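In: When you get a sec, could you give me coordinates for this:
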Amino acid sequence: MSFAPTSPITGAAVSGLTSPTYTIAVDVPPSINGKQYAVTALGGTQTGVDTNTVSKPFTITFFRPPALRTLPAVNPVTGVIKNIPMNQYKLITRKGAVPASNQMIKVARITTTIEVPAGCDTFEPEELRAMISAHFGTGWAQASGIADTVITGVL
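Out: Residues are numbered from 1 along each chain as shown. Below you'll find the model as predicted:
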């Protein structure tokens, strides 16, 4: 299955939010090699949090490479593939926020970049699944601590 989040998204447990959920709607991505969703409604208790608007975005976008690269041929003499190309995928969450009283809205971003050596997708897809599972599992399990660090600067 491709990137197709189910609405509503259940947010990870984070200090200050109670049972957060995010209702999403299909949105227009900034390029044809992406899928974008806008947060249109909030669930749980999220005092002060706004849904997506033109001037204060709250979007989740996933991009694939514009041109997927494949594994080149093996050198017939050495048996080695010299330059293995990388396919880069990105998951970007954008959230508009005001930095101080009477100031313009700025956009905060989370970007996860996934770099996959061409060929791994067919030769060892289980390794990629494990990597992605561990990465997002850590983010899920540590969401509150990550939020605290982003807010306090204490690691």
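In: got a pLDDT number for Met1?
Out: The confidence metric pLDDT takes the value 58 at Met1.
In: For this structure, which residues score under the pLDDT cut-off?
Out: Within the chain, the ranges that satisfy pLDDT under 70 run 1.
In: 90 instead, please
Out: 1-2, 82, 155 (pLDDT under 90).
In: where along the protein do the strands fall?
Out: 9-10, 18-27, 34-45, 58-63, 86-97, 106-117 (DSSP state E).
In: between the longest helix belonging to the chain and strand 86-97, what angle do the directions make?
Out: Longest helix in the chain, counting residues (DSSP state H): helix 125-141. Orientation note: helix 125-141 sits at an angle of 20 degrees relative to strand 86-97 (axes from the mean of the first three to the mean of the last three C-alpha atoms, to 10 degrees).
In: Tell me which of the strands of the chain lies nearest to Val150.
Out: The closest of the strands of the chain to Val150 is strand 106-117. By C-beta to C-beta, the value is 8.9 Å. For glycine as for every other residue, the C-beta is placed from the backbone atoms N, C-alpha and C.
In: That closest one pairs with which strands, parallel or anti?
Out: strand 86-97 (antiparallel) (DSSP bridges).
In: How about the partner strand, which residues are buried there?
Out: Residues of strand 86-97 classed as buried: Asn87, Tyr89, Lys90, Ile92, Thr93, Arg94, Lys95, Gly96 (neighbour count, 16 or more other C-beta atoms under 10 Å).
In: same question, stretch 42-54
Out: So, applying 16+ other C-beta under 10 Å, buried residues of stretch 42-54: Leu42, Gln46, Val49, Asp50, Thr51, Asn52.
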